[in-house]
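Colleague: Using only what follows, build the 3D model:
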Amino acid sequence: MKAKQALLRLLNRRELNSAQALKKLLDREFPFAEAKQAIAECESAGFVDDRRWAEGRVRALLRRKKGNSYIRQKLAQEGLDKELITDALPSEKDQEEALQRLLTSRYSDRDMTDLKIRQKTVQALQRQGFPLSLILNSPEISHFS
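Modeller: Numbers count the residues shown, from 1 in each chain. Next comes the predicted model:
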């Protein structure tokens, strides 16, 4: 089965979820049924595992200091279903730790006593996927509010 061989070559380079694998095989003009069959065989052998892929992707996004809403959106764009996304999302504690790392590294030199700077920082953190309630409760922000 040529689709399975092609998929194994792709997986040799990097891990893929099933949606990414399907897209890559279809881009290589394999018939849909053959591509689905190859993915199913690789899933049963443990080579394609959406849950494992999602957990690894979440860890990578947390290292990049991203919040849950950003992570949820990114995983949905990458083809995961909502149930897997919900299961893979980090706990609130992990999210708080990511926010603290971000505040103490990237934003530590900002003067949070200045209202405009504090507002811009809060907006930037929201764009990175952190919930407003978590941001406003962080000591670095709430101390000056």
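
Colleague: Run through the residues that contact residue 7.
Modeller: Taking CB atoms under 8 Å, 6 or more residues apart in numbering, we find residue 7 in contact with 21, 24, 25, 35, 38, 39, 42, 47, 48. In short, each C-beta sits where N, CA and C put it, glycine included.

Colleague: And it, what's its pLDDT?
Modeller: With respect to pLDDT, residue 7 scores 95.

Colleague: returning to what we had before: from the contacts of residue 7, which single one is nearest residue 76?
Modeller: residue 21 (17.1 Å; CB to CB).

Colleague: quick revisit: now the contacts of residue 7 in a markdown table, please, with extra columns for distance to residue 112, pLDDT and secondary structure.
Modeller: Below are those laid out as a markdown table (distance: CB to CB, whole Å; pLDDT from 0 to 100; DSSP: H, G, I helix; E, B strand; the rest coil):
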| residue | distance to residue 112 | pLDDT | secondary structure |
| --- | --- | --- | --- |
| 21 | 46 | 96 | helix |
| 24 | 46 | 95 | helix |
| 25 | 50 | 96 | helix |
| 35 | 52 | 95 | helix |
| 38 | 53 | 96 | helix |
| 39 | 49 | 96 | helix |
| 42 | 50 | 95 | helix |
| 47 | 48 | 96 | coil |
| 48 | 46 | 96 | coil |
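
Colleague: out of those, which is most surrounded?
Modeller: residue 21 (27 neighbours; other CB atoms under 10 Å).

Colleague: show me what contacts that one?
Modeller: By CB under 8 Å, 6+ apart, the contact list for residue 21 reads 7, 10, 11, 35, 38, 39, 42, 48.
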